[in-house]
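> One predicted model, sequence on top.
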Amino acid sequence: SHWDNHILQTPLPPLESSSSDHRESVFISAHIGGTVTLPCFYDGVFSQYILWYKHILGQKTNPICLYSKYKTEVLFYNNYKNNRRFTLKSSYHSNNLTISNLKLSDSATYFCIAGYQTYMNFSAVLTVDVQGSGLTIQTSVDQSSSENIHAGDSVKKKLFIKEVRYEVQRGGVFII
C-alpha cells in the first residue's frame, strides 16, 4: 500500500546513533534449530507503527515486518512473507519478534524502530549469534536505560534506547 511504502522510504536513523557513552553489549547466543524471541518495548501512546529490520555488517539493511497500530495488522516483507519461522506478538507497549528453527543465516543485528509520522526512534537493538556462524558483532545500548528481568535462571533484557529523532525535510535527514 501507499502508506507502508512511504514509511519504508523514510530514512532510517544510522545504527551508530543507537549507541551512547555508557555501553553495554547486548548479545544473544542461540543454537541452530532453536527459537529466540527479540523483545521490543516502546511508548504505546506516541507510536503509530513498529518496524523490525535485519542488518548484517557490510550488507544492506532489510525490513522484516511492519506493524500498524491502527490497522492492527502485520505486513511481512520479501523473503519473510509466508515464512512461518518469523512471528510477531504485539501488545500496547511491546512488539516481540520470534524466530524459530534458527539457521546460521539468522545471525545478524536486529533492530526495532517505533515511529510516528516521519519521526523514528530505536526501541531495541539486539545481536543474535546462531552458534557455529562465527559472528562477533556487538551492539551497545545505554546502560542506564536497560534493566534486567530475572526469570528463574534466565535473564531477559528489557531495552530502552534514548530517543533519536529525525525530521525529513527537502530530501535530507536532520537530527533534531
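Alright, I've got the coordinates.

> Where does pLDDT dip in this protein?
Filtered on pLDDT under 70, the chain yields the residue ranges 1-26, 44-45, 117-124, 132-176.

> which stretches of this protein form helices?
Ranges of helices in the chain, per DSSP state H, are 2-9.

> So which residues of it form strands?
Ranges of strands within the chain are 23-30, 36-38, 49-55, 62-68, 73-76, 86-90, 95-99, 108-116, 119-130, 139-142, 146-151, 154-159, 166-169, 172-175, based on DSSP state E.

> got the contact list for residue 97?
Residue 97 makes contact with 37-38, 40, 52, 64-65, 86-88, 110, 112 under the criterion Cβ atoms under 8 Å, 6 or more residues apart in numbering. From N, CA and C alone the C-beta is placed, and that goes for glycine too.

> want to throw these into a markdown table with distance to residue 100?
Rendered in a markdown table, the data for the contacts of residue 97 read as follows (distance: Cβ to Cβ, whole Å):
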| residue | distance to residue 100 |
| --- | --- |
| 37 | 9 |
| 38 | 12 |
| 40 | 17 |
| 52 | 15 |
| 64 | 14 |
| 65 | 15 |
| 86 | 8 |
| 87 | 7 |
| 88 | 12 |
| 110 | 14 |
| 112 | 18 |
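
> Mark which of those residues are buried, thanks.
Applying a neighbour-count criterion of 16 or more other Cβ atoms under 10 Å, the buried members of the contacts of residue 97 are 38, 40, 52, 64-65, 86-88, 110, 112.

> Now flag whichever of these is closest to residue 128.
The closest of the buried ones among the contacts of residue 97 to residue 128 turns out to be residue 110 (Cβ to Cβ; 6.4 Å).

> my read: that closest one touches residue 51, true?
No - applying Cβ atoms under 8 Å as the test, residue 110 and residue 51 come out as separate, 11.0 Å apart.

> what separates the nearest residue to residue 38 once chain neighbours are set aside from residue 57, distance-wise?
If the residues on either side of it in the chain are set aside, residue 38 comes closest to residue 97, at 4.6 Å by Cβ to Cβ, 6 or more residues apart in numbering. Between residue 97 and residue 57 the distance is 20 Å, computed by Cβ to Cβ, to the nearest Å.

> cool, and residue 116?
Spatial separation of residue 116 from residue 57 under the definition Cβ to Cβ is 29 Å.

> Check residue 64 too.
Residue 64 sits 17 Å away from residue 57, taking Cβ to Cβ as the criterion.

> How about residue 106?
According to Cβ to Cβ, residue 106 stands 15 Å off from residue 57.

> What count of nearby residues applies to the nearest residue to residue 29 once chain neighbours are set aside?
The shortest distance from residue 29 to any non-neighbouring residue, by Cβ to Cβ, 6+ apart, is to residue 129 (5.1 Å). One way to gauge burial is a neighbour count; for residue 129, by other Cβ atoms under 10 Å, it gives 19.
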